[in-house]
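1. Give me the fold of what follows.
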Amino acid sequence: MSEHSTTGPDDRRRLAELLGPVVEDAGLFLEDVSLKPSGSGLVLQVLVDLPEDSTGSVDLDRVAEVARAVSETLDRTDPVPGSAYELEVSSPGATRELTERRHWKRSVGRLVRVTPVEGEKFTARLLEVGDDGVVLQRSHQAKKGMAPKLLEPETWAFDAVRRAKVEVEFTD
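-> Residues are numbered from 1 along each chain as shown. Now for the predicted structure:
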């Protein structure tokens, strides 16, 4: 849950218990739920993603479908008694931060920007995800215009990575 959220642990758990099955019935994963102040009201943010073993991203039709189902459930249960709120249902962006093992698993094959606990930032291809870490493959371009050379895959423990984020790739 983000640091600017007004959702307490009990509220978050209650909302997740209410909305988790609705999101799962739509074939998605409930990534996060939070209630935040916005102007004179509140925004109930629901973040959904594909299941861990899926590749690709959540398309807008699926987000709209799950938003309707979530809205219907909320209308029946009044989860924020006495408060008006706006519902926002979204999915992680193309450049999502990799904070949990499941995020890494969903990003196998993608380029990731890694900030290690020690050393310089680097970009590498995510090859595989294990229980304790990941296998990354960097590339080196000797001269501009030349094809990059793939370096040997490296194993990185999760606790050796301070921060990681998916990079957007542009192809020719």
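2. pLDDT wise, what is the residue of the chain positioned farthest from its centre at?
-> Going by Cα atoms, centre = their mean, the residue of the chain most distant from its centre is K143, 34.9 Å out. We have a pLDDT of 80 for K143.
3. got the buried residues for stretch 18-29?
-> 18-19, 22-23, 26, 28-29 (16 or more other Cβ atoms under 10 Å). From N, CA and C alone the C-beta is placed, and that goes for glycine too.
4. Any idea how far it is from the middle of the chain?
-> 16 Å (Cα atoms, centre = their mean, to the nearest Å).
5. tell me the mean pLDDT for that stretch?
-> For stretch 18-29, mean pLDDT is 92.
6. Could you do stretch 82-94 as well?
-> Stretch 82-94 shows a mean pLDDT of 82.
7. gap between it and the chain center?
-> Distance, centroid of stretch 82-94 to centroid of chain: 15 Å (Cα atoms, centre = their mean).
8. can you pull the buried residues of it?
-> Neighbour-count burial for stretch 82-94 flags 85, 89, 91-92 (criterion: 16+ other Cβ under 10 Å).
9. Now for the residue nearest to F158 when sequence neighbours are not counted: which residues touch it?
-> Take F158 and drop its neighbours on the chain: the residue closest to it by Cβ to Cβ, 6 or more residues apart in numbering is G133, 5.3 Å away. When contacts are counted by Cβ atoms under 8 Å, 6 or more residues apart in numbering, G133 touches 155-158, 160.
10. for this structure, what spans make up the helices?
-> 9-25, 60-77, 101-106 (DSSP state H).
11. which strands and helices sit next to the last one?
-> Which is helix 101-106. Counting contacts by 3 or more Cβ pairs under 8 Å, 6 or more residues apart in numbering; DSSP states H and E, helix 101-106 is packed against strand 122-129.
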